[in-house]
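Peer 1: Curious how this folds, go ahead:
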Amino acid sequence: MLPHLGVQNDEALFAAALFEPKSGYVIKIAHSHLPIMLMSYLGTFKSLIYAPIFRYCGTGISAMRDPVLLAGVVSVWLFYLLLLRIAGKRAAVIGCGLLATDSLYLITVCFDWGPVAFQHLLLLAGLLLLVKFYQERSWQALAAGWFLLGLSMWDKALAVWMLSGIGVAALICFPRQILAVATFRRFGIAVLAFSLGALPLIIYNYKQDLATFRGNVSYDTGDIPGKARLLLATADGQGLFGWLVNEDWQTRNPRGPVGVVQTATARISAIALRPRHNLSLWAFGLALLLAPLVRGPALRTILFALIAMAVAWFQMAVTVNAGGSVHHAILIWPFPFLVIAVSFAASSRRLHAAGIPAVAAVLVVMMVSGALVTNEYFCLAIRNGGGQNWTDAIFTLSDYLKRTPSEYVFCVDWGIMDSIRLLNRGQVRVRVGTDPISKRELNSEDRDYLKQMIASPGYLFINHTKDYEFFQGVNDKLVQYAADSGYDRKVDAVIADRNGRPVYEVYQFRPRATALGH
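Peer 2: Numbering: from 1, shown residues only. Now for the predicted structure:
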């Protein structure tokens, strides 16, 4: 687990609202069908998992990250079982080893700020059960598999990318196999089970006139080259450098390693010349070159994975506000490793007795390359701290607010409120501070609200410093509005991260002395 990084996990953070029932958050839920949907495309599956964990096990880094890490571990095991059924033990060992040491798979699962950990888990479990149904003709496996795939749609509707890719690939590569097991009864079981898993999403769209699709399906092909580069950066492990963790040029006061583990990782990083790329892209290219040596079901399996990946990625590449981040690109995983595993396993059998030693040597080299890149992320997290969205200053800010009495705390930027709510178990009464000041024009109701907000002596305000702002200019606009209303900003504290970079400012508004005299 990478150390000293902040808390971001939107769906899980939402569960922290349960600690603050008087905040208006829960009231809002009751009036907008949000018990089943957080947004038009985002269900409450993960929030419902985290709610009892937070309630009975407390909150914090361990409670936030351990459940998704467990989901990631189970996903690796499910991938092994899936490959074991469709390609044999040799492919299963290769695929499992590659996935277990892939830097961005591990990191995106650990921090899980988007639809990653449970999407992998539900998709792999669903596919494994459907393969079991085909091999054993078990209707229970058929129902369970389609239920889990439906559940993945409710977890987040963009699961449709991979599900549609898998569907298209299956029809192209395995039409006879599908027809061999297709009956009206089995079709009915599949539809019913999938609908049951996705039922909250179906209910929401029935009541909201297909809001999931009306509000989120828009296309733009202008950034396909950039999204393709991001996909390649995800594949070779470098996609989160400079975003999750700061680079050396961003850090004036780097921290040295502390303890045996950190010292050892720093030495490994130096010996390995601080690697930032793994060998997955090279292995994928080699797997494609070796594909002509593969025959029969193994070749169809490779084609199946390639088509599924292509269909899924094309959808995110042409969708507005999608596909340009690692947490979207990684949803194609573990299919690249399925291609590598099946190709390497089948090709190595042509080497007869030398096949196992040869493929074992390649696997070890690839696993080491992945582990070294993960180690580099670890070293940068220790030395330079988290990036803009992952600053460890959030913990210092949380401790400060615990000691500072306030009636309400207004967060005048994105990425503050829910983290504070979580870390303080709802004891700090946080509010959105960007509304309505972020509007272009204010009506009389907005102005009345703002005057009450800045005039109340028990209210605190938190903003990011200039280098860390997300909504640039919003805080300046609020301060200027207060000044025009006769109130000046008084900074109570500047909260820095472990490397001494100022990240947050905590302040209040005070009536201007001349205004008091008047």
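Peer 1: Check for me that Tyr507 belongs to a helix.
Peer 2: No. With DSSP: H, G, I helix; E, B strand; the rest coil as the criterion, Tyr507 is strand rather than part of a helix.
Peer 1: Quick check: the closest residue to it other than its chain neighbours vs Ala345, distance?
Peer 2: Nearest in space to Tyr507, with sequence neighbours left out and distances taken as Cβ to Cβ, 6 or more residues apart in numbering, is Val491 at 4.6 Å. In this view, the C-beta of every residue, glycine as well, is placed from N, C-alpha and C. As defined by Cβ to Cβ, to the nearest Å, Val491 lies at a distance of 62 Å from Ala345.
Peer 1: Equivalent analysis for Thr251, please.
Peer 2: For Thr251 relative to Ala345 (Cβ to Cβ), the value is 43 Å.
Peer 1: of the two, who's got more company?
Peer 2: Per other Cβ atoms under 10 Å, whichever of Thr251 and Ala345 has more neighbours is Ala345, with 24 against 18.
Peer 1: dump the residue contacts of the more buried one.
Peer 2: By Cβ atoms under 8 Å, 6 or more residues apart in numbering, Ala345 lies in contact with Ala87, Gly88, Arg90, Ala91, Ile94, Ala298, Val359.
Peer 1: Equivalent analysis for Leu130, please.
Peer 2: Ala141, Leu142, Gly145, Trp146.
Peer 1: try Val76
Peer 2: The contact partners of Val76, by Cβ under 8 Å, 6+ apart, come to Cys96, Leu99, Ala100.
Peer 1: so where's the stretch 301-450 of the chain uncertain?
Peer 2: Applying pLDDT under 70 to the stretch 301-450 of the chain flags no residue at all.
Peer 1: Tell me which stretches of it form strands.
Peer 2: With strands called from DSSP state E, counting those that start in this stretch, the stretch 301-450 of the chain shows them at 408-411, 430-432.
Peer 1: How about the stretch 1-150 of the chain?
Peer 2: 37-39, 42-43.
Peer 1: who wins for proximity to Tyr206 among these?
Peer 2: Relative to Tyr206, the nearest member of those by Cβ to Cβ is strand 37-39, separated by 11.9 Å.
Peer 1: What is that closest one packed up against?
Peer 2: Using 3 or more Cβ pairs under 8 Å, 6 or more residues apart in numbering; DSSP states H and E as the contact test, the elements touching strand 37-39 are helix 10-15, helix 199-207.
Peer 1: hey, least reliable of those by pLDDT?
Peer 2: Among the helices and strands packed on strand 37-39, helix 10-15 carries the lowest mean pLDDT, at a mean of 57.
Peer 1: gap between Leu163 and Gly95?
Peer 2: 21 Å.
Peer 1: which of the two has more neighbours?
Peer 2: Under the criterion of other Cβ under 10 Å, the comparison of Leu163 against Gly95 puts Gly95 first, with 28 against 20.
Peer 1: Can you give me the domain boundaries for the chain?
Peer 2: 10-384, 391-517 (automatic domain parsing).
Peer 1: okay, the ones you listed, which one's buried deepest?
Peer 2: When these are scored by mean count of other Cβ atoms under 10 Å, the highest mean neighbour count falls to domain 10-384 (a mean of 19).
Peer 1: So what's the gap between it and the chain middle?
Peer 2: 10 Å (Cα atoms, centre = their mean, to the nearest Å).
Peer 1: so how far does stretch 424-431 reach from one end to the other?
Peer 2: End-to-end distance for stretch 424-431, by Cα to Cα, to the nearest Å: 14 Å.
Peer 1: Begin at 849 from now on, thanks
Peer 2: Right, with 849 as the first residue, what we last looked at is stretch 1272-1279.
Peer 1: Among the strands of the stretch 849-998 of the chain, which comes closest to Pro1023?
Peer 2: Of those, nearest to Pro1023 by Cβ to Cβ is strand 890-891, at 32.4 Å.
Peer 1: average pLDDT across that closest one?
Peer 2: 84.
Peer 1: pLDDT weak spots in the stretch 849-998 of the chain?
Peer 2: 849-883, 962-963.
Peer 1: One more pass at 50, please.
Peer 2: Scanning the stretch 849-998 of the chain for pLDDT under 50 picks out 849, 869-882.
Peer 1: What ranges does it have for its helices?
Peer 2: For the stretch 849-998 of the chain, the helices defined by DSSP state H, counting those that start in this stretch cover 858-863, 873-878, 893-905, 909-935, 937-948, 951-959, 965-984, 987-1003.
Peer 1: Any chance of TSV for the strands of the stretch 849-998 of the chain, columns distance to Val924?
Peer 2: Below are the strands of the stretch 849-998 of the chain laid out as TSV (distance: least, Cβ to Cβ, whole Å):
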stretch	distance to Val924
strand 885-887	28
strand 890-891	24
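Peer 1: So for Arg903, which of these sits nearest?
Peer 2: Closest among the strands of the stretch 849-998 of the chain, once you apply Cβ to Cβ, is strand 885-887, at 18.3 Å.
Peer 1: Show the contacting residues for Tyr1316.
Peer 2: Gln1236, Thr1239, Val1351, Tyr1352.
Peer 1: between those residues, which is nearest Tyr1248?
Peer 2: The closest of the contacts of Tyr1316, once distances to Tyr1248 are taken by Cβ to Cβ, is Tyr1352, at 8.7 Å.
Peer 1: show me what contacts that closest one?
Peer 2: Ala1241, Leu1245, Ile1264, Ile1310, Asn1311, His1312, Thr1313, Tyr1316, Val1342, Ile1343.
Peer 1: Greatest separation within the residues you listed: which pair is it?
Peer 2: Ile1264 and Val1342, at 14.7 Å, using Cβ to Cβ across these.
Peer 1: which ones among the contacts of Tyr1352 are found in helices?
Peer 2: Among the contacts of Tyr1352, the ones falling in helices (DSSP state H) are Ala1241, Leu1245.
Peer 1: Pull the residues that contact stretch 1136-1146.
Peer 2: So stretch 1136-1146 is in contact with Ile934, Ala935, Leu1147, Ile1150, Val1187, Val1190, Ser1191, Phe1192, Ala1193, Ala1194, Ser1195, Arg1198, going by Cβ under 8 Å, 6+ apart.
Peer 1: now the residue nearest to Ile1268 when sequence neighbours are not counted: how far from Val1342?
Peer 2: The shortest distance from Ile1268 to any residue other than its chain neighbours is 5.1 Å, reached at Val1278 (Cβ to Cβ, 6+ apart). Applying Cβ to Cβ, the value for Val1278 to Val1342 is 19 Å.
Peer 1: Of all the strands of the stretch 1149-1298 of the chain, which one comes closest to Tyr889?
Peer 2: Closest approach to Tyr889 among these (Cβ to Cβ): strand 1278-1280, 21.1 Å.
Peer 1: Parallel or antiparallel, list what pairs with the closest one.
Peer 2: strand 1256-1259 (parallel) (DSSP bridges).
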